[in-house]
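**Q** how would this look folded up:
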Amino acid sequence: MLARAGGRFRDPWYIPRMEPKGPVPGTIIGGVYRVVSPLGEGTMGAVVLARDEVLERHVAIKLVSPKFLDSADLRARFLDEARAMARVSHPNVLQIHAFGEHEGAPYFVMEYVEGEGLDRLLARQAGQVLAAELSLRFLEEACQGVTAIHSAGIVHRDIKPSNLLLDQKQRVRVADLGLANLLHAPAASSGIVGTPAYMAPEIALQSELPAELANRPDVYSLGCVAYELLTGKQPFEAPSLRALLMKHITQPVEPPSARRPELPSSFDQALLRALAKDPAERTPSAEAFRRDLVGARDRSLEPVRILVAEDNGDFRDAMALMLEVEFPYAQIECVGDGAAALAAVARRAPSVAILDLRMPNVDGMELTARLRASAATGKMPIIVVTASGGPEEWKRLSAMGADGFLLKPVNLKDVVTLVRRALSDRLRPPQVIGDQASRAAL
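**A** Residues are numbered from 1 along each chain as shown. This is a model prediction of the structure:
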């Protein structure tokens, strides 16, 4: 069930703190687990931190309110799926240790993760987009975890940043596996179970899916998370629940590269496929989505347009020939001076530029400065080659933001290596810095 507060939609597991719903500290659950403190509570139950007094370790226990499983049939289904969940063993999935019943409330005993949810990391960014390479690592790990969950015959149904925990090694752990699915039944809810910002159209419409498409809602949710990580914005925003759900159901998704121009357009197809309205046309699995993201990343490291500005005709021709062999799908444009290079950039911004330092009209030093001052080429990799420059020139070029500097005679394979390295460096993440508040899965 969804609650709204202050224009934002609350997590289904969250309600304001009033009377405690979970067991009080000191309570023994299952004869083994002593409750230490509450971790969270919501309309569907409570989560507590407990101490396993046999294995001497902390665990998180989620107790489900008995009213959501008020029939023998639902309790039997709960038990069957709980057993399946407990069989999931994967480094990117929060481990379920045990399950049982305490004073009529079914419960799960889960691994306790000291870390934070991906939602908290995003909140600390204060509107700044995470480095693409870091986001892609998080997404790869999330896809691998969801694939393991699907392999156990479970559909998560509530993939979102707060259910993607980052442990102390910054590894993604998928939490709340299967719980939304367990509770998705007419007797369990008077509304839609899930989180609107990451909800597949068929879930919003409460449509029944054939078994072969049962995992597609999770793929859509992963697509929403990927869109947010890579662009800094959710696919859709709206002032009301109804308007938000209608956007997911009917409105086309804006291509990610339109939201974040520096994001390679190779990611557009991968994300838009995962966000297809029709589950039959959507990326078929979490693993297929992971492969699409990896493929998009690999394609982003291959330039689509290379500009060569070099006044030596023989060297320019040799460079063009080598680049055509190494980057067969790239458009290569060669010019003889800096003024012609600026005109070529004005026609269409390249994905990488290779510039001679000594050229007529506009030399490589001035050309680098002017390219870096332009919004269209401010982050474009620039590699400078020269027959007469030295450390002082490289120091100045580096301060301007040049990515590489090679002295003639140049081994042309070194140019190719620098092109790929420069493109990769533009995606490389900074070190993640931030407090690692102890947190269990909520």
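
**Q** Contacts only, for L342.
**A** By Cβ atoms under 8 Å, 6 or more residues apart in numbering, the residues touching L342 are 362, 367, 370. Quick note: C-beta positions are derived from backbone N, CA and C, even for glycine.

**Q** 7 Å instead?
**A** Contacts for L342 (Cβ atoms under 7 Å, 6 or more residues apart in numbering) come out as 362, 370.

**Q** repeat for L355
**A** L355 touches 309, 364, 367-368, 382, 384, counting by Cβ under 7 Å, 6+ apart.

**Q** Let me know the distance separating it from T386.
**A** Going from L355 to T386 by Cβ to Cβ, to the nearest Å gives 9 Å.

**Q** now do K247
**A** Taking Cβ to Cβ, one finds K247 at 53 Å from T386.

**Q** The two: which has the busier surroundings?
**A** Legend: neighbour count by other Cβ atoms under 10 Å for K247 and T386, higher for T386 (21 against 18).

**Q** surely that one meets L407?
**A** Yes: between T386 and L407 there is a contact under Cβ atoms under 7 Å: 6.3 Å.

**Q** Now F315. Nearest residue, chain neighbours left out?
**A** K408 (7.5 Å; Cβ to Cβ, 6 or more residues apart in numbering).

**Q** so how many other residues sit close to the one you found?
**A** K408, neighbours per other Cβ under 10 Å, totals 13.

**Q** so who does it touch?
**A** Contacts of K408 (Cβ under 7 Å, 6+ apart): 385-387.

**Q** what do you get if the cut-off is 10 Å, keeping everything else the same?
**A** By Cβ atoms under 10 Å, 6 or more residues apart in numbering, K408 lies in contact with 312, 315, 356-357, 385-389.

**Q** now, which of those lie within helices?
**A** F315 (DSSP state H).

**Q** can I get the contacts of K408 in TSV with distance to P264?
**A** Shown next, in TSV, are the contacts of K408 (distance: Cβ to Cβ, whole Å):
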residue	distance to P264
N312	31
F315	29
D356	27
L357	28
V385	25
T386	29
A387	33
S388	35
G389	31
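
**Q** ok, back up a step: how much space between the residue nearest to F315 and A402?
**A** Taken as Cβ to Cβ, the span from K408 to A402 is 16 Å.

**Q** what about the lengthiest helix in the chain, distance to the chain center?
**A** Assignment by DSSP H gives helix 132-151 as the longest helix of the chain. Chain-centre distance of helix 132-151: 8 Å, with Cα atoms, centre = their mean, to the nearest Å.

**Q** go on, stretch 52-65?
**A** 30 Å.

**Q** May I have it exported as CSV, CA atoms only?
**A** Extracted in CSV, the C-alpha atoms of stretch 52-65 (Å, rounded to 0.1, in the frame of the first residue of the first chain):
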residue,chain,number,x,y,z
ASP,A,52,22.1,-14.7,17.5
GLU,A,53,23.1,-16.1,20.8
VAL,A,54,24.2,-19.4,19.4
LEU,A,55,26.4,-18.2,16.5
GLU,A,56,27.3,-14.9,18.3
ARG,A,57,26.5,-12.6,15.4
HIS,A,58,24.1,-9.7,14.7
VAL,A,59,21.2,-10.4,12.4
ALA,A,60,18.2,-8.4,11.1
ILE,A,61,14.8,-9.8,11.6
LYS,A,62,11.8,-8.7,9.6
LEU,A,63,8.4,-9.6,11.1
VAL,A,64,5.3,-9.5,8.8
SER,A,65,2.1,-8.4,10.4
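
**Q** Show the average pLDDT along it.
**A** Mean pLDDT, computed over stretch 52-65, is 90.

**Q** Now that stretch: buried residues?
**A** 52, 59-65 (16 or more other Cβ atoms under 10 Å).

**Q** Then stretch 337-345?
**A** 337-338, 340-342, 344-345.

**Q** In contact with G313, which residues are there?
**A** Taking Cβ under 10 Å, 6+ apart as the test, what G313 contacts is 334, 336.

**Q** Wasn't Y329 part of a strand?
**A** No: per DSSP: H, G, I helix; E, B strand; the rest coil, Y329 lies outside any strand segment and is coil.

**Q** quick revisit: what element comes up after the longest helix of the chain heading to the C-terminus?
**A** Using DSSP states H and E, the helix or strand that follows helix 132-151 in sequence is strand 164-166.

**Q** and whatever helix or strand comes next after that next one, how far out from the chain's middle?
**A** Downstream of strand 164-166, the first helix or strand assigned by DSSP H and E is strand 172-174. With Cα atoms, centre = their mean as the basis, strand 172-174 stands 12 Å off its chain's centre.

**Q** Please apply the same query to stretch 271-287.
**A** Distance of stretch 271-287 from the chain centroid (Cα atoms, centre = their mean) equals 16 Å.

**Q** Please save the CA atoms from it in CSV.
**A** Output in CSV follows, covering the C-alpha atoms of stretch 271-287 (Å, rounded to 0.1, in the frame of the first residue of the first chain):
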residue,chain,number,x,y,z
LEU,A,271,17.9,1.6,-21.2
LEU,A,272,14.9,2.2,-23.6
ARG,A,273,14.7,-1.5,-24.3
ALA,A,274,14.5,-2.3,-20.6
LEU,A,275,11.9,0.4,-20.2
ALA,A,276,9.6,-0.8,-22.9
LYS,A,277,5.9,-0.4,-22.0
ASP,A,278,5.0,-3.9,-23.4
PRO,A,279,6.7,-6.6,-21.2
ALA,A,280,6.8,-8.8,-24.3
GLU,A,281,9.0,-6.2,-26.0
ARG,A,282,11.2,-5.6,-23.0
THR,A,283,14.7,-6.9,-22.3
PRO,A,284,14.0,-10.5,-21.5
SER,A,285,16.0,-10.9,-18.3
ALA,A,286,18.2,-9.1,-15.8
GLU,A,287,21.2,-11.0,-17.2
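
**Q** partners of the longest strand along the chain in the sheet?
**A** Of all segments of type strand in the chain, defined using DSSP state E, the longest is strand 33-42. Here strand 33-42 has these sheet partners by DSSP bridges: strand 28-29 (antiparallel), strand 45-52 (antiparallel).

**Q** so which of those is the most packed in?
**A** strand 45-52 (a mean of 22; mean count of other Cβ atoms under 10 Å).
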